[in-house]
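In: Predicted model and sequence follow; I will ask about them next.
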Amino acid sequence: MAEYSNLKKADLVSVLKKLGVHTVSKDTKKVLVDKVEKYIDETPNGSSIVSGLVEAQIDEEDENEAIDETTLNEEADDDEDDDAAEVIPTATESEAADEDDKDYEAPPPLSLKEWIADPLIEQWENVLSKVYEFTDSVGITVLEYSDDLREKLSKSITLNYLEVLVEFFIFIYTTVPLVALKDNGANLQLFKDNIPFLAESTILLPDFTALLAHSALSIFFVWFILAVLFPLTVSYFVNFTRRVLIFDNNEGAVARIYSYDPFTFALSKLVVFYLVSHNLAPFLTLSKGSCFPASVYNFVVVQLGYYLKFNAVLGPLPWILGASNILISIYSQFEEF
């Protein structure tokens, strides 16, 4: 597409307007060429259409240049006639012209406009052009990402992912404390001995070693099993997103939009949360037996006790998000495709 780079900016704008492609005054020549190339790539026979318009534009310019040349020749002839008819000034008129020459002030030897103002304006225009190119590229990128984000957020399955991420964030927020750097568990003694700043600093930073505590690991694994793994299993086997695909007006194969049904995921997750939070507490009593099954039972009871404390921290949030996801999943069940 190098031949379009040789065209004038005005010619490119004219061709793009004839093609129906939107242009703005701040578009640089490179941006205009990119728009022409994009039109050629996206339009059938785009190359031949653009080539025809470019040739027509060149022919029109040639005609205009010929007309301008004829006009200049006529104006030159008129100027010669005027010069021939010019009257020779009299002595009085010459004296008056000499007096006017006395009042004439010659320009300064150094033109500030030519040597300072004009270069500054040119540099400013170049910088402004670069800024426009950058904002255009950023704008296009932002639009692409925003469209992609809108498409993903408009799917009910994405809301299930967001609910899980919110609960995980709350788990991190409530489990990881802010500790002074000098007392932070992640700040090893080896570093403190060699770097005085690490041994004395009181800057508060997250102590991620708290995630390795028994209670934190217990909460995470129980939460993952009950709030993620179990609902995923149910939504895989109980899947209402199947559709009958039609090929050439004939029934085709039965396919599923999602491998995991977002409706049954949200519903099973909410049911498990209700059963654990409101019906499990009376059964969490430690066994007094000393046999192996009793030890296993007591271990499970302790882990569920940790998880109930985390559920208390979540409060009504799983109810709100879960119920919202169920309603949205029902609404969008037959609307997404």
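Out: Yes, it's here.
In: Next, count neighbours for residue 261.
Out: Number of residues near residue 261 (other Cβ atoms under 10 Å) recorded here: 27. The way it works is simple: take the backbone N, C-alpha and C, and place the C-beta from them, glycine included.
In: what about it, distance to residue 268?
Out: As judged by Cβ to Cβ, to the nearest Å, residue 261 and residue 268 stand 10 Å apart.
In: now residue 319
Out: Using Cβ to Cβ, residue 319 is found at 15 Å from residue 268.
In: For stretch 314-324, list every residue counted as buried.
Out: 314, 318, 321-322 (16 or more other Cβ atoms under 10 Å).
In: Need the contact partners of it.
Out: The contact list for stretch 314-324 (Cβ atoms under 8 Å, 6 or more residues apart in numbering) reads 159, 163, 166-167, 170, 266, 269-270, 273, 311.
In: switch to 7 Å and redo it
Out: 163, 166-167, 170, 266, 269-270, 273 (Cβ atoms under 7 Å, 6 or more residues apart in numbering).
In: next one: stretch 182-200
Out: 181, 201-202, 205, 207-209.
In: Identify the residues contacting the closest residue to residue 309 other than its chain neighbours.
Out: Nearest non-adjacent residue to residue 309, counting by Cβ to Cβ, 6 or more residues apart in numbering: residue 219, 7.8 Å away. Contacts for residue 219 (Cβ under 7 Å, 6+ apart) come out as 171, 306-307, 310.
In: now residue 325
Out: 156, 159-160, 163, 266.
In: try it again with 8 Å
Out: Contacts of residue 325 (Cβ under 8 Å, 6+ apart): 156, 159-160, 163, 262, 266.
In: From those, which land in helices?
Out: 156, 159-160, 163, 262, 266 (DSSP state H).
In: shouldn't residue 54 be in contact with residue 18?
Out: No. Applying Cβ atoms under 8 Å as the test, residue 54 and residue 18 come out as separate, 10.2 Å apart.
In: Which one of these two is surrounded by more residues?
Out: residue 54 (18 against 13).
In: what about the nearest residue to that one once chain neighbours are set aside, neighbour count?
Out: Counting by Cβ to Cβ, 6+ apart, residue 54 lies nearest to residue 15, which is 6.1 Å off, once chain neighbours are set aside. Using other Cβ under 10 Å, residue 15 is surrounded by 24 other residues.
In: Compute the distance between residue 15 and residue 263, please.
Out: In terms of Cβ to Cβ, residue 15 sits 52 Å off from residue 263.
In: do the same with residue 169
Out: Residue 169 sits at a distance of 24 Å from residue 263 (criterion: Cβ to Cβ).
In: can you list the domains in this protein?
Out: Segmentation of the chain into domains, based on automatic domain parsing, reads 1-88, 123-153, 154-332.
In: of all these, which gets the most neighbours per residue?
Out: Counting by mean count of other Cβ atoms under 10 Å, domain 154-332 has the highest mean neighbour count of the domains of the chain, with a mean of 15.
In: From the contacts of stretch 314-324, which land in strands?
Out: Secondary structure from DSSP state E places none of those in strands.
In: what's the spacing between the residue nearest to residue 309 and residue 42?
Out: Counting by Cβ to Cβ, the gap from residue 219 to residue 42 is 53 Å.
In: And for residue 315?
Out: Taken as Cβ to Cβ, the span from residue 315 to residue 42 is 52 Å.
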